[in-house]
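Visitor: sequence and predicted model, in that order:
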Amino acid sequence: MNILSIQSHVAYGHVGNASAVFPMQRLGHEVWPINTVQFSNHTGYGAWRGPVFSAETIREVLTGVEERGVLPGCDGVLSGYMGDPATGAAILEAAARVKAANSRALYCCDPVIGDVGRGVFVRAGIPEFMRDRAIPTADVATPNQFELEFLTGVRIDSLDSAKAAAEALRRAGPETVLVTSLQTPETPEDAIELLAVDGQGAFRLRTPLLPVSVNGAGDAVAALFFVHLLTTGSAAEALAMAGSSIYGVLKATAEAGSRELLTVAAQDEFVRPSRMFDPEAI
């Protein structure tokens with residue numbers, strides 16, 4: 001498959017395209033990355049260098065790809081951190097151009113807005129852009145628990161309310177929703193969950209909660225879920241593979257005491273997870 005991935009990029013570490021592209025390539029897919037920024041490292045370090053690319057630059061790079069005559073062979077578009085609403089508009093235009101060339105192509109939006117404990121960490125206007133413009137055009141959405149609450153206005157205080165929020169998001173546009181980093185009162189203290197919901201039902205995947213805090217895991221799991229969904233057509237199968245793979249990578253990262261995700265060192269986890277977790281229909 002061929003995937004157009006439009007996200008941020010860092011030279012050191014693994015977030016944005018630096019986290020999403022290699023796992024998809026390791027699974028045998030061609031990835032056409034367009035970077036929205038080129039930073040030295042992720043912003044969690046408190047200091048970084050590098051430029052933010054304009055919306056026009058994104059359009060120009062896409063036009064160059066389009067001029068190669070390859071957009072009809074693009075199977076999907078993946079977007080993550082958008083930077084500002086103008087960048088977001090260029091990304092949505094890119095998804096529309098791909099779909100015009102290939103009606104079977106899907107658009108997966110990872111609506112990066114914020115997280116539990118941190119709150120909103122993107123620029124003003126981005127949360128509303130995600131809710132009002134990006135989500136309605138997406139075929140697949142991969143919010144975390146905090147983002148799902150913002151996008152739907154549904155307070156998640158139980159597994160049932162998480163399912164209700166995912167269904168509300170589906171009604172807003174996406175056929176398939178993956179909820180990451182889900183923890184409700186029903187979740188054991190030593191566990192964390194993923195929830196996938198589509199027209200076939202709702203599926204929960206529970207894995208042990210690891211003593212690790214790194215950036216980029218959400219970018220990787222969104223990419224993994226998307227390509228497995230495109231390959232299998234099954235949200236449950238995509239959930240099993242993506243969840244098992246990211247658990248393996250995070251486990252290796254925790255054991256190494258690394259501040260950065262061990263995307264390369266633990267790359268076999270993308271193809272053959274060392275521990276498989278089975279999703280539960282709920």
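Guide: Received it, and whenever you're ready, just let me know what you need.

Visitor: would you map the helices across the stretch 1-150 of the chain?
Guide: 17-26, 55-66, 85-101, 126-129, 135-137, 145-152 (DSSP state H, counting those that start in this stretch).

Visitor: in this protein, which spans are strands?
Guide: 2-7, 30-35, 76-79, 106-109, 114-115, 119-120, 140-141, 176-182, 191-198, 201-208, 280-281 (DSSP state E).

Visitor: now render those strands as a markdown table, adding distance to Asn215.
Guide: C-betas here are computed from N, CA, C, even on glycine. Below are the strands of the chain laid out as a markdown table (distance: least, Cβ to Cβ, whole Å):
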| stretch | distance to Asn215 |
| --- | --- |
| strand 2-7 | 13 |
| strand 30-35 | 16 |
| strand 76-79 | 17 |
| strand 106-109 | 19 |
| strand 114-115 | 10 |
| strand 119-120 | 16 |
| strand 140-141 | 20 |
| strand 176-182 | 13 |
| strand 191-198 | 16 |
| strand 201-208 | 19 |
| strand 280-281 | 29 |
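
Visitor: compare those and give me the one nearest Met130.
Guide: strand 106-109 (7.5 Å; Cβ to Cβ).

Visitor: now do the closest one, average pLDDT.
Guide: Averaged across strand 106-109, pLDDT comes to 98.

Visitor: hang on, the earlier thing: so which of the helices of the stretch 1-150 of the chain is the most packed in?
Guide: helix 17-26 (a mean of 24; mean count of other Cβ atoms under 10 Å).

Visitor: which other residues reach it?
Guide: 3, 5, 7-11, 31, 33, 35, 78, 80, 216-217, 219-220, 222-224, 227, 245, 261, 263-264, 267, 270-271 (Cβ atoms under 8 Å, 6 or more residues apart in numbering).

Visitor: buried ones among these?
Guide: Buried members of these, counted by 16 or more other Cβ atoms under 10 Å: 3, 5, 7-10, 31, 33, 35, 78, 80, 216-217, 219-220, 222-224, 227, 245, 261, 263, 267, 270.

Visitor: sorry, back to before: lowest-confidence stretch among the strands of the chain?
Guide: Minimum mean pLDDT among those: strand 119-120, a mean of 82.

Visitor: who touches that one?
Guide: So strand 119-120 is contacted by Ile113, Gly114, Pro127, Phe146, Phe150 (Cβ under 8 Å, 6+ apart).

Visitor: ok, stretch 153-164 next?
Guide: Contacts for stretch 153-164 (Cβ under 8 Å, 6+ apart): 145, 148-149, 165, 168, 179, 182, 184-186, 195, 197, 202, 204, 282.

Visitor: buried among those residues? Make that a ChimeraX selection.
Guide: Restricted to buried positions by 16+ other Cβ under 10 Å, the ChimeraX selection for those reads:
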select :145,148,149,165,179,182,195,197,202,204
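
Visitor: just the closest of the contacts of stretch 153-164 to Leu92, please.
Guide: Leu148 (20.2 Å).

Visitor: any idea how far Ala141 is from the closest residue to the closest one other than its chain neighbours?
Guide: Distances taken as Cβ to Cβ, 6 or more residues apart in numbering put Ala165 closest to Leu148, at 5.1 Å, once the chain neighbours are dropped. Distance of Ala165 to Ala141, given as Cβ to Cβ, to the nearest Å: 12 Å.

Visitor: please apply the same query to Val77.
Guide: Following Cβ to Cβ, the distance that separates Val77 from Ala141 is 13 Å.

Visitor: any shared contact partners between those two?
Guide: Cys108.

Visitor: how many neighbours does Val154 have?
Guide: 18 (other Cβ atoms under 10 Å).

Visitor: next: the one 3 residues further on.
Guide: Here the count is done by other Cβ under 10 Å, and Asp157 has 11 residues near it.

Visitor: would you confirm that Leu169 contacts Leu151?
Guide: Yes. Under the criterion of Cβ atoms under 8 Å, Leu169 makes contact with Leu151 at 5.9 Å.

Visitor: kind regards, and thank you for your time.
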